[in-house]
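1. here is a sequence together with a model predicted from it:
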Amino acid sequence: MSILVNKDTKVIVQGMTGRAGTFYADQGMRYGTNYVGGVRPGRGGTSHLGLPMFHDVASAKSETGANASLVIVPAPNAADAMIEAIEAELDVVVCVTERVPQHDMARVKRALNGSKTVLIGPNSQGILTPEQCKIGVMPTKEAKAGGVGIVSRSASLTSEILANCSAAGLGQSTTVGIGGDALHGIGFADCLKLFREDDDTEAVVLIGEIGGREEEEAADYLASESYGKPVVSLVVGRHAPEGRRMGHAGTLSAVGGLSAADKIARLRSAGSRIADTPPDVVTEVLAATGRA
Amino acid sequence: MLLAEYKSKELLAQYGLNVPAGRRATTPEEAEAACGKIDARKYVVKAQIAAGGRGLAGGIKFAATPSSVFDETAKLLGTKLVTEQTGREGETVNTVYVEAAEDLESQHFIALTLDPSTGAPLLIASSQGGVEFEQRARMDEGVVNSAALDGSTNISDVLAKAGISETDAISQVEAALKAFNDNDMTLLEINPFAKTKDGRWMAIDAKIALDPSAAFRHPEFESILEDQGLSTEEAEAQESNINFVKLDGDLGVIVNGAGLGLATNDMIIDTNGRPANFMDIRTTATSFDIAKGVELLLKDARVKAILLNVHGGGMTVCDTVAEGVAFAYQRSDRKIPVVSRLAGVNADWGNQILKDRKVPVEQIPDMKTAVSRAVSIAGGA
């Protein structure tokens, strides 16, 4: 098992004919992911990387039975591509595009309202169920199948912590990058819910940072629930000077997120273990799962 | 991308908001002459820097006469203002804004941002505006009213809770919402949104953040940016696909990814070190872009050592970063020591490049050991 994607997931790529789209679709297929087609307006009826191309998402879905999409189009067109995939009612839409304007994401959020589609990203490394399905741009060499679920706002820290876990013999069920932007799709709390329901996930690693309210919402959810699985959280930016924009999402202090210290305190009191640094995460997971 | 106050007010005035009469000036003579064009009984001289907190740092001066406007401007220009939002070195004041000083009857707080959960504009309003609003709001959440304008809530409902009910005030906030949407703003803050003693509502101070990601549909953003007081290092780095925030320590850091960057600085400070910067190499950066970032560190005389902490991922691989570092060292006479911790994609290749190109590097595979070694070298150990 896993969350959101597995070996049966059928993936199309929006923007497959571009340089990045070609590269990452090819890598995903080599990893064994079930890619079934591509979308590029004007290219319907042709083929690319041996897969059929379609003018739009709706026809790609009806012809191939696709239920997921990788959106890898330039930022000015990313919102329209996400909305098209949401309107075609795909189950999972992953957008890796960076620098999508916030007001465009506001439109995407409105399209998601009442929809069953799970959006991952934008500005995300994507989602990986090791040895089954890669939709995104993350490295896979160090990924191993196993019981640790990872949900993260940072691609670099996910790679780092995943490598440490694998080296310690801890494989991963699924890793999800929720993306670094202020407005994005699925958040920490919903990923935690999915990991809780997944029998193969034994422990969850949450990688958060200053800015936004994702960690607070995750803490509220954990506090409201007898979660039943160990959660290890790392929140970075403990020493970032206030008022300077660092990291991903800048927010207004009057409505924005708490400080890293307060986020950590909330997660801790909701029952999460806390890792102070990236190398400490694996130590905490080993301890939490009775391996150390 | 934060606008200077005068830019923010120009933009709001175009949408019909009332702002105090004002002129910008870059010399005391200009400032004194500006008073002739401002219909006012007294004036205020405001330092224009791209950081908040200037009121408490002495960047706002009241002046009763044009000649004291001259004096205050002469004192402000060329000084460095250190606020909680600048580095320790502060920001140099190159421009002031001379304005009519208004007598205020009441001060409110208004802000617009996008609600992360619904995507609707989020209107925040308070009856407790003024310089100490943030402190008050932190202590008592009850002074802040906010609601997502998602169709079910009206602007006037939110404003009513903040004690604003005049039609004139409501229509100015409606105009502000239009400005917010038209210009791809990520934040519009009017504090204070005030009622003057003679009964006019106006934006006494305004802070606007534009979304740099939307620059492709706003050609005007580029010229706005040019006029802004971004520190040169930060602007230079932006052009090179690197997010660079100058801090005031002695240990330069080169890291890929915002998360790993924040984590690295946390670890340095935990180890009693002092980072000279925050760096996040964007995934689209080339080795030449990275070299530019390294050059910024090599040019900074306070930087005594560099920590390279990279986890090569799907997009930024270790050899690209190592190439960038080697390139910058080749072009610089300053050979400050480097501690490198490379992991992930092409780590061995990256390490080989650093050695082959004679970068003065200590290679330490363990992150914690690498951080403490770099801290001790920078500190002179």
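-> Thanks, I have it.
2. ok, which stretches of chain B are helices?
-> Applying DSSP state H to chain B gives helices spanning B:5-14, B:28-35, B:66-76, B:133-139, B:155-161, B:167-182, B:220-227, B:232-239, B:258-270, B:287-299, B:318-330, B:347-356, B:367-378.
3. can you check chain A too?
-> So, for chain A - with DSSP H - the helices run A:19-30, A:57-64, A:75-87, A:102-112, A:155-167, A:188-197, A:214-223, A:260-269, A:278-288.
4. since we're on B:Thr167, how many residues are nearby?
-> Neighbourhood size, B:Thr167 [other CB atoms under 10 Å in any protein chain shown]: 9. From N, CA and C alone the C-beta is placed, and that goes for glycine too.
5. contact residues of the stretch 51-200 of chain A facing chain B?
-> A:75-76, A:98-110, A:113, A:125, A:136-139, A:141-142, A:152-157, A:159-160, A:163, A:180, A:182-184 (CB under 8 Å from any CB of the partner chain).
6. can you tell me which of the residues you listed are buried?
-> A:75-76, A:98-109, A:125, A:136-139, A:142, A:152-157, A:159-160, A:163, A:180, A:182-184 (16 or more other CB atoms under 10 Å in any protein chain shown).
7. low-confidence ranges, the stretch 251-381 of chain B, go.
-> Along the stretch 251-381 of chain B, the parts satisfying pLDDT under 70 run over B:381.
8. again, only using 50
-> In the predicted model, the stretch 251-381 of chain B carries no residue with pLDDT under 50.
9. can you name the residue of the stretch 1-150 of chain A nearest chain B?
-> Chain B sits closest to A:Lys109 of the stretch 1-150 of chain A, with a gap of 2.8 Å, by CB to the nearest CB.
10. report how many residues lie close to the nearest residue to that residue once chain neighbours are set aside.
-> Spatially, and ignoring its direct neighbours in sequence, A:Lys109 is nearest to B:Gly119 (2.8 Å; CB to CB, 6 or more residues apart in numbering or on different chains). Neighbours of B:Gly119 under the rule other CB under 10 Å: 23.
11. who's in contact with B:Gly119?
-> B:Gly119 makes contact with A:Met105, A:Ala106, A:Arg107, A:Val108, A:Lys109, A:Arg110, A:Leu183, according to CB atoms under 8 Å, 6 or more residues apart in numbering or on different chains.
12. pretty sure the second one sits against B:Ala120.
-> Yes. Taking contact to mean CB atoms under 8 Å, the distance of 7.2 Å between A:Ala106 and B:Ala120 places them in contact.
13. max pairwise distance over the contacts of B:Gly119: which two?
-> Within the contacts of B:Gly119, two members stand farthest from each other by CB to CB: A:Arg110 and A:Leu183, at 10.7 Å.
14. low-confidence stretches in the stretch 101-250 of chain A?
-> A:247-250.
15. can you give me the strands for it?
-> A:118-120, A:126-129, A:133-136, A:145-152, A:172-177, A:203-209, A:231-236 (DSSP state E, counting those that start in this stretch).
16. which elements pack onto the last one?
-> In terms of contacts (3 or more CB pairs under 8 Å, 6 or more residues apart in numbering or on different chains; DSSP states H and E), strand A:231-236 is packed against helix A:155-167, strand A:203-209, helix A:214-223, helix A:260-269, strand A:273-274, helix A:278-288, helix B:258-270.
17. next one: the longest one
-> Counting by 3+ CB pairs under 8 Å, 6+ apart, the packing neighbours recorded for strand A:145-152 are helix A:155-167, strand A:172-177, helix A:188-197, strand A:203-209.
18. so what touches it?
-> So strand A:145-152 is contacted by A:3, A:129-132, A:158, A:161-162, A:165, A:170-178, A:188, A:191-192, A:195, A:198, A:200-207, A:285, A:289, B:259 (CB under 8 Å, 6+ apart).
19. okay, the angle between it and strand A:231-236?
-> Inter-element angle recorded for strand A:145-152 and strand A:231-236: 40 degrees (by axes from the mean of the first three to the mean of the last three CA atoms, to 10 degrees).
20. A:Leu49 is in contact with A:Asp26, correct?
-> Yes. A:Asp26 sits in contact with A:Leu49 when judged by CB under 8 Å, with a separation of 5.9 Å.
21. could you tell me the average pLDDT over stretch B:172-188, please?
-> Stretch B:172-188 shows a mean pLDDT of 96.
22. and chain B, what are its domains?
-> B:21-100, B:104-213, B:230-380 (automatic domain parsing).
23. what is the burial count for B:Ser67?
-> 12.
24. mind checking how far it is from B:Pro28?
-> Note on B:Ser67: its distance to B:Pro28, by CB to CB, to the nearest Å, is 10 Å.
25. one more: B:Thr271?
-> If you go by CB to CB, the gap between B:Thr271 and B:Pro28 works out to 48 Å.
26. interface residues of the stretch 201-350 of chain B facing chain A?
-> B:209, B:211-214, B:216-217, B:243, B:245, B:247, B:255-263, B:265-267, B:269-270, B:278, B:280, B:282-284, B:311-315, B:343-345.
27. give me the buried subset of these.
-> B:209, B:211-214, B:243, B:245, B:247, B:255-263, B:265-267, B:269-270, B:278, B:280, B:282-283, B:311-315, B:343-345.
28. next, count neighbours for B:Ala111.
-> With other CB under 10 Å as criterion, B:Ala111 counts 24.
29. dig out what it forms beta bridges with.
-> Beta-bridge partners for B:Ala111, by DSSP bridges, are B:Ile124, B:Glu189.
30. so it touches B:Leu188, yeah?
-> Yes. Under the criterion of CB under 8 Å, B:Ala111 makes contact with B:Leu188 at 6.6 Å.
31. confidence score at B:Phe62?
-> So, for B:Phe62, pLDDT stands at 94.
32. how far away is the residue lying closest to it once chain neighbours are set aside from B:Ser106?
-> Leaving out its chain neighbours, the residue that sits closest to B:Phe62 by CB to CB, 6+ apart is B:Val44, at 5.3 Å. Distance of B:Val44 to B:Ser106, computed by CB to CB: 18 Å.
33. which residue of chain A sits farthest from its center?
-> A:Gly45 (31.3 Å; CA atoms, centre = their mean).
34. can you report phi and psi for it?
-> phi 90, psi -10 (degrees, to the nearest 10).
35. any chance of JSON lines for the strands of the stretch 101-250 of chain A, columns distance to B:Leu177?
-> Formatted as JSON lines, those follow (distance: least, CB to CB, whole Å):
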{"stretch": "strand A:118-120", "distance to B:Leu177": "26"}
{"stretch": "strand A:126-129", "distance to B:Leu177": "35"}
{"stretch": "strand A:133-136", "distance to B:Leu177": "36"}
{"stretch": "strand A:145-152", "distance to B:Leu177": "34"}
{"stretch": "strand A:172-177", "distance to B:Leu177": "33"}
{"stretch": "strand A:203-209", "distance to B:Leu177": "30"}
{"stretch": "strand A:231-236", "distance to B:Leu177": "34"}
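36. so which of those comes closest to A:Gly38?
-> strand A:133-136 (13.4 Å).
37. what pairs with that closest one, parallel or antiparallel?
-> When DSSP bridges is applied, strand A:133-136 pairs with strand A:126-129 (antiparallel).
38. tell me which residues touch A:Ile161, please.
-> A:Ile150, A:Ser152, A:Val205, A:Ile207, A:Leu234, A:Pro278, A:Val281, A:Val282.
39. tally of neighbours for the fourth one?
-> Right, the one you point to is A:Ile207. A:Ile207: 30 neighbours (other CB under 10 Å).
40. what's around the closest residue to B:Ile242 other than its chain neighbours, how many residues?
-> Take B:Ile242 and drop its neighbours on the chain: the residue closest to it by CB to CB, 6+ apart is B:Gly293, 4.4 Å away. As a burial measure, B:Gly293 scores 27 neighbours (other CB under 10 Å).
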